[in-house]
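S.K.: Have a look; sequence and predicted model below, questions after that.
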Number of protein chains: 2
Amino acid sequence: MGPGPSDVSPRVLEALSRPTIGHLDPEFIGLMDEIKTLLHYAFKTNNELTIPVSAPGSAGMEACFVNLVSPGDKVIVCQNGVFGGRMKENVERCGGVAIMVEDSWGSPVDADKVKAAFSNNTDVKILAFVHAETSTGVESDAATLCRLAAENNALSIVDTVTSVAGIDVDVDGWGADAVYSGTQKCLSCVPGISPVTFSARAVEVISNRQHKVQSWFLDMQLVMGYWGGNTKRAYHHTAPVNAMYALHESLIMLKEEGLENSWARHQLNHRALVSGLEAMGLSMVVDAAHRLPQLNLVSIPEGADDAAVRGALLSQYSLEIGAGLGALAGNSWRIGLMGHASNQKNVLLCLSALDNVLTAQGAKIVSGVAVAAALAEYG
Amino acid sequence: MGPGPSDVSPRVLEALSRPTIGHLDPEFIGLMDEIKTLLHYAFKTNNELTIPVSAPGSAGMEACFVNLVSPGDKVIVCQNGVFGGRMKENVERCGGVAIMVEDSWGSPVDADKVKAAFSNNTDVKILAFVHAETSTGVESDAATLCRLAAENNALSIVDTVTSVAGIDVDVDGWGADAVYSGTQKCLSCVPGISPVTFSARAVEVISNRQHKVQSWFLDMQLVMGYWGGNTKRAYHHTAPVNAMYALHESLIMLKEEGLENSWARHQLNHRALVSGLEAMGLSMVVDAAHRLPQLNLVSIPEGADDAAVRGALLSQYSLEIGAGLGALAGNSWRIGLMGHASNQKNVLLCLSALDNVLTAQGAKIVSGVAVAAALAEYG
C-alpha cells in the first residue's frame, strides 16, 4: 500500500511466468496487436501510435520529451511535486527552455498561472504537466490544461503514471498530444513498462523533426518499425517478452472489470480509508476536491515517529506505506490503494495496523473506531 | 534456438513470478546487493559501478555512450555487423564524431585497421566494438582491442550482450572501461535488463563531465544514487522488481555451474551442432577461429527456401532459428545455443528437424547422418 509498485494479482504473475518466446514470433506479434487495442481502451484514445515502451515510466516520460522537444523549443512545465521537476530536467537535457509554473506541493496545477505563462511567452511549443502527482496524491484538471495548450497552438505532454485505471484518463476527450503511464500503479502489473500514446498532431511534429531524436532506444520513428502498422515488423530492440504477457493480462482484467467500475472501486475504497483515518483523528493533506483515490496523503500525528511507524507496519504486518517526499517529507505518509490492492481487506488491514502501531507508540489518536467508520462506507 | 531471447529455465520463471515488493523495500535492497556481487562474477570485474540497467540491451548500449561521450568527442567505432552500426548512431546522437573501422559481416574486427585509425586521428577519446556480434556469430579479440585503446589513452566500450556466460568475458583482464550485456542470451533470463559495468577511469570521466548526460533515465550519476554504495538508497526510477528476481536467480545458476563449466558446455554443444551440420553437407559461414559457440551461422543450402524452412521448423517443431541479417540475409541462418538452451537435446532436435524439413523441400543435403555425427562429439 505504498505509492507503487502495487500488489500484482496472481493472474498477472501467472501470465508473467509463461515460457519466453521470440520477440518476432508470429504468436508474440499477435499479442502485441492485442496490447495496442487494449491500451486504446485504457487510455480512451484512437491514436494509432499507442504502444508500451520497454522500460519504466521515467523512460516513458523521456520518450515523450525527446521525440517532441528540439533544441531551443520553449516548454511550459507545471510543477506541483516531484515529477514536474523531472519534466524540467527532461526539457533541459533536450536543449529546450523550460518555463516553470509552480504550485505548492499538495495543490493542483493552477490553470490561471498557466494561462498567464502563455500570455507572457510567445512561441511556446509544449505544455507539460502531471495529471496525478504520485508524490503528493493530487489530481490536476487535465481537460482544462490540454484545452489551454490547444488554444495556444501548443502540444500537451501529460503524465498519467498513477491515474490510468484509477481515475478517468480521457486522452481523446482532453485532446492530449503525448501521454505516458506506468504499469505498476492502478494496472497492477509488474513495474518496468510504460504505455505511451501520441496524437496525430504529435506524430506529425515527430515526422517533421530536423534533428534526430537524441535517444536511439526511445526514437519513436524506429520503435514504430517494430510495433507499428500492418507491415512486416523490423527488429529494433528485444522486447521484454514476459513483461508484455503480464501487461496483456492486466489490461484484459481491466477490460473485464470495465474502466468505470474500476474507477468506482477506487473511489469506494478511498472513501472508506479516509473515513477511518479521520475517525482516528488523522487529517488528510490534500483538499477533498483534488484528492487521488488511489494515493492518500495523511498527516503524521503528534507523537508518532515517521520511520518507526513505517518500519513497524512493514515488519509486523508486511504492510508498506510510503514516506512523504520533498516539502511533505517527515510530516505525511502516502497510502496507496491502487489496482488489485484497492480492496476492502487492505483498507481494514491498514486502519487496524495503523491504529495498533500508533497506539503502541503513544501517538495522539482516537483508538478503536477506525474500522467501524470504514465499514460504514461499505454499507 | 534463435539469436535470443533464449529459453528461460523453469527456476528463473519461478523466481520471476514471486510476489512484487517495493523497489525500496529492505528485502529488495538486499537482493540488489547480491545482484551486484553476482554481476562482478559474471563480468570478471571488481568495478564498483556494476549494475543492471532497467531496460533492454540497446538501452545498456546507450547508457555507455551517453555517459561517456560529450559533444565533439571522437570515437573509433568498429563495425562488422548490425551492432557496430547502432554504436555509430549512438555516438552521433550524443554529438560525437564517429570514426568508422569497417570489416565485412562474418569477419572479426581487424586490430591492424584499428591501430591505423588511432595513428590517423589525434585525441580519440573512445574505442567502441562488439565482442560477440549477434548478427554474424563472430567473436572479436577484446583483449587486444582494449589494450590498443589503453595504449592510445582512449577508453573502451565493449558490447558483450551475447558473450557473457557463453565465452570468456574478462572485463578486468582486458582493462575494458564500459561494458554492457543482456539477460536474454547466455544468462537465459527474460529479456528487458542490461547489466553494465564501468571502470574507475570511466567513472572519473563521468564525474568530470561538463555537460549533463542527455538521458535522465540513463544518467549513471543519478542511477548510482539508487543502486550505489552503502548510503541510503534514493528513488530514481521504479526498478522492474520481478525481472530483478529473475536476473538474480539466473546469476545464481551461473555461479552454481561455474563460468568455466558454462563456457565448456557451450563449446561442446557447438562442436556437436557443427559436426552434424557439416555431415549434412551444410557449411559454416564464419572461420572456425572466430566462431561464437552460442550463435552458429550456417549457409542456406541449394534448393531450400529461407522463410519456408524457418516457418516449417516453427510450426512443425516449435523450433525457432534466426534469419540472417544485412549482407547475410537470405543466404544464412543463425542457430542459437545459448545458456539453458545449449544442451544435447536441442542440438539433436535441431539437426533432426532441419534434416526432415530440408529433405521434404528437396534441398541438396546428405540426409540421415547428422545426428550420428553430433553424437560422436558427445562421446
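M.R.: It's in.
S.K.: Please make it C-alpha for all contacts and neighbour counts, starting now.
M.R.: Fine.
S.K.: looking at chain A, which helix or strand is least sure?
M.R.: The helix or strand of chain A with the poorest confidence is helix A:220-227; it has a mean of 92 (mean pLDDT, DSSP states H and E).
S.K.: which parts of that helix are buried?
M.R.: If you call a residue buried by 16 or more other CA atoms under 10 Å in any protein chain shown, then helix A:220-227 has these buried ones: A:Met220, A:Gln221, A:Leu222, A:Val223, A:Met224, A:Tyr226, A:Trp227.
S.K.: Same check on stretch A:118-135?
M.R.: So, applying 16+ other CA under 10 Å, buried residues of stretch A:118-135: A:118, A:124-135.
S.K.: Sort out for me which of these are in strands.
M.R.: Members of those lying in strands (criterion: DSSP state E): A:Val124, A:Lys125, A:Ile126, A:Leu127, A:Ala128, A:Phe129, A:Val130, A:Ala132, A:Glu133.
S.K.: can you list contacts of the longest helix along chain A?
M.R.: Using DSSP state H, we find that the single longest helix of chain A is helix A:259-279. Contacts made with helix A:259-279 from outside it, assessed by CA atoms under 8 Å, 6 or more residues apart in numbering or on different chains, are listed as A:42, A:165-168, A:254, A:283-284, A:293-294, A:296, A:337-339, A:342-344, A:347-348, A:351, A:366, A:369-378.
S.K.: before we move on, the earlier item: using JSON lines, please lay out the buried residues of helix A:220-227 together with distance to A:Leu277.
M.R.: Shown next, in JSON lines, are the buried residues of helix A:220-227 (distance: CA to CA, whole Å):
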{"residue": "A:Met220", "distance to A:Leu277": "45"}
{"residue": "A:Gln221", "distance to A:Leu277": "48"}
{"residue": "A:Leu222", "distance to A:Leu277": "49"}
{"residue": "A:Val223", "distance to A:Leu277": "46"}
{"residue": "A:Met224", "distance to A:Leu277": "47"}
{"residue": "A:Tyr226", "distance to A:Leu277": "48"}
{"residue": "A:Trp227", "distance to A:Leu277": "45"}
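S.K.: hmm, back to that, packing partners for the least confident helix or strand of chain A?
M.R.: helix A:200-207 (3 or more CA pairs under 8 Å, 6 or more residues apart in numbering or on different chains; DSSP states H and E).
S.K.: now the helix it packs on against helix A:220-227, angle please.
M.R.: Interaxial angle of helix A:200-207 relative to helix A:220-227 (axes from the mean of the first three to the mean of the last three CA atoms, to 10 degrees): 110 degrees.
S.K.: Just the residues contacting helix A:200-207, thanks.
M.R.: The list of residues contacting helix A:200-207 from outside it, by CA under 8 Å, 6+ apart, reads A:Asn47, A:Glu48, A:Leu49, A:Asn67, A:Leu68, A:Leu155, A:Asp177, A:Ala178, A:Met220, A:Gln221.
S.K.: ranges for the strands of the stretch 101-250 of chain A?
M.R.: Per DSSP state E, counting those that start in this stretch, the stretch 101-250 of chain A carries strands over the ranges A:124-130, A:132-133, A:138-139, A:155-159, A:178-180, A:194-198.
S.K.: now the second one, how far from the chain's geometric center?
M.R.: In this view, strand A:132-133 has its centroid 7 Å away from the chain centroid, taken as CA atoms, centre = their mean, to the nearest Å.
S.K.: For that strand, which strands pair with it and how are they oriented?
M.R.: strand A:138-139 (antiparallel) (DSSP bridges).
S.K.: Repeat that for the first one.
M.R.: According to DSSP bridges, strand A:124-130 has the following sheet partners: strand A:74-79 (parallel), strand A:155-159 (parallel).
S.K.: okay, those strands, which one's buried deepest?
M.R.: A comparison of the strands paired with strand A:124-130 by mean neighbour count, using mean count of other CA atoms under 10 Å in any protein chain shown, puts strand A:155-159 on top with a mean of 27.
S.K.: Output that strand as PDB, nothing but the C-alphas.
M.R.: Extracted C-alpha coordinates of strand A:155-159, given in PDB (Å, rounded to 0.1, in the frame of the first residue of the first chain):
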ATOM      1  CA  LEU A 155       1.200  20.400 -27.800                       C
ATOM      2  CA  SER A 156       0.400  18.900 -24.400                       C
ATOM      3  CA  ILE A 157       2.500  16.200 -22.600                       C
ATOM      4  CA  VAL A 158       0.600  14.600 -19.800                       C
ATOM      5  CA  ASP A 159       1.900  12.200 -17.000                       C
END
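S.K.: what's next to that strand, contact-wise?
M.R.: Counting by CA under 8 Å, 6+ apart, A:61, A:64, A:125-132, A:142, A:146, A:149-150, A:176-181, A:202 sit against strand A:155-159.
S.K.: start to end distance for stretch A:220-233?
M.R.: 14 Å (CA to CA, to the nearest Å).
S.K.: Let me see the backbone angles for A:Gly322.
M.R.: phi -90, psi 150 (degrees, to the nearest 10).
S.K.: And A:Trp216, by the same measure?
M.R.: phi -70, psi -40.
S.K.: How much space separates it from chain B?
M.R.: 7 Å (CA to the nearest CA, to the nearest Å).
S.K.: Wait, that residue touches B:Asn90, no?
M.R.: Yes. With contact defined as CA atoms under 8 Å, A:Trp216 reaches B:Asn90; the gap is 6.5 Å.
S.K.: what residues do those two have in common as contacts?
M.R.: B:Glu62.
S.K.: Which secondary structure element is home to A:Asn67?
M.R.: helix A:57-68 (DSSP states H and E).
S.K.: Give me the distance from that helix to the chain's centre.
M.R.: On CA atoms, centre = their mean, the centre of helix A:57-68 falls 14 Å from the chain's centre.
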